[in-house]
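K.L.:
Provide a 3D model corresponding to the input given below.
(one chain, ligands or ions: 2)
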Amino acid sequence: MNQVKIAPSLLAADFGNLQRDVEMVNESDAAWHHLDIMDGVFVPNISYGMPVVKAIAKHASKPLDAHLMIIDPDRYIQTFADLGVYLLTVHYEACQHLHRTVQAIRAAGMKAGVALNPHTDVSLLKFILKDLDLVLVMSVNPGFGGQSFIPATYDKIRTLKKMLKDQESSALIEVDGGVGPDNASKLIDAGADVLVAGSSVFKAKDPKAIIAEMASVKVS
Ligand SMILES: O=C(CO)[C@@H](O)[C@H](O)COP(=O)(O)O
Ligand SMILES: [Fe+2]
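P.N.:
Ligands and ions are numbered 1, 2, ... in the order given. Purely as a prediction, here's the structure:
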C-alpha cells in the first residue's frame, strides 16, 4: 500500500513571500505542490494565472498538481503543459466534452484528473474512470480556502474507492478543502490517496511539522 501524498495548496501561501513558501514545500514531506487556478466565472473568485504559475514552477522541486476551476479548460491545456505541470485536473461541471478534454491532457504529456463539486455524484464518472489518473473530490464548494470540511465527503470517497476497485482502476483519490491533521486519518481510512491542505499548513506556526504529521499517518 502506498503512503498518502500531501499536496499543500499555495492559495494559502504568503504571495509576498511566494518563493520562500514554495521552498518550504520543497524541503517538507509534501509530495506535490497544489496550484488552484480560478477564473471568476466557474467559481466566484479569481486566484492567479500563468505568470504566477511560471514563478512557482521556477522554484518548485516537486511535481505541480494544477486544479483548474475555469470553464472550458481545453483552451489552456497546452499552456499548462509548457509550464511544466505534472497533473492537470479539470472540473466535471466545467467541461462540455470531458472525455475529449481528458484525452487532450494526456496527449499533451500530463496526467489527467477530474474534480467533482460536493453535489456531483461519483457515478457520473463510471464510463471515464479507466481514462483517469486521479479523481479530485471537493470537500468544500470550490473558490476559496479556509472553508469548513463537508462530512458527506467520507461516504463519497468510500463509494468512489469501490468503483475504482470494481473497474481495476489505479486512479488516485485526492480530497481538497478543509483538510488538516484533525480529519487526515479518517480520510485516509475512507480511501483518500492525496490530501490537499491549504490553511491548515500555511496558517500553522510550523507548516513543515503539519505536513509531516499528515504524511506519517499510517495507511491500513
Ligand atoms: O481548491 C481549493 C478551493 O477551491 C483548495 O485547494 C483550497 O485552496 C484548499 O484550502 P483549505 O480549505 O485547505 O484552506
Ligand atoms: Fe484545489
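
K.L.:
and A212, how many neighbours does it have?
P.N.:
Neighbour count of A212, defined by other C-beta atoms under 10 Å: 14. C-beta here means a position set from N, CA and C on the backbone, and glycine is covered the same way.

K.L.:
Which residue is the nearest non-sequential neighbour of it?
P.N.:
Leaving aside its sequence neighbours, A212 sits nearest to D29 (C-beta to C-beta, 6 or more residues apart in numbering; 4.8 Å).

K.L.:
Same question for T101.
P.N.:
Among residues not flanking T101 along the chain, C95 sits closest, at 4.9 Å (C-beta to C-beta, 6+ apart).

K.L.:
Taking the chain, what residue is nearest to ligand 1?
P.N.:
For the chain, the residue closest to ligand 1 is G198, as judged by C-beta to the nearest ligand atom, at 2.8 Å.

K.L.:
What is the helix of greatest length in the chain packed up against?
P.N.:
Using DSSP state H to define each element, the chain has its longest helix at helix 153-166. Packing partners of helix 153-166 (3 or more C-beta pairs under 8 Å, 6 or more residues apart in numbering; DSSP states H and E): strand 134-138, strand 172-176, helix 184-190.

K.L.:
Mind checking the pLDDT average for it?
P.N.:
If you average the pLDDT over helix 153-166, you get 98.

K.L.:
Just confirm yes or no for that helix near ligand 1.
P.N.:
No - judged by C-beta under 6 Å from any ligand atom, helix 153-166 makes no contact with ligand 1; its nearest approach is 12.0 Å.

K.L.:
With just CA atoms, put that helix into PDB.
P.N.:
Coordinates of each C-alpha in helix 153-166 appear next as PDB, following Å, rounded to 0.1, in the frame of the first residue of the first chain:
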ATOM      1  CA  THR A 153     -17.200  13.500   1.700                       C
ATOM      2  CA  TYR A 154     -16.300  10.400   3.600                       C
ATOM      3  CA  ASP A 155     -19.100   8.300   2.000                       C
ATOM      4  CA  LYS A 156     -18.300   9.800  -1.400                       C
ATOM      5  CA  ILE A 157     -14.700   8.700  -1.100                       C
ATOM      6  CA  ARG A 158     -15.800   5.200   0.000                       C
ATOM      7  CA  THR A 159     -18.200   4.900  -2.900                       C
ATOM      8  CA  LEU A 160     -15.500   6.000  -5.400                       C
ATOM      9  CA  LYS A 161     -12.900   3.700  -3.900                       C
ATOM     10  CA  LYS A 162     -15.300   0.700  -4.500                       C
ATOM     11  CA  MET A 163     -16.000   1.900  -8.100                       C
ATOM     12  CA  LEU A 164     -12.200   2.100  -8.800                       C
ATOM     13  CA  LYS A 165     -11.600  -1.400  -7.300                       C
ATOM     14  CA  ASP A 166     -14.500  -2.900  -9.400                       C
END
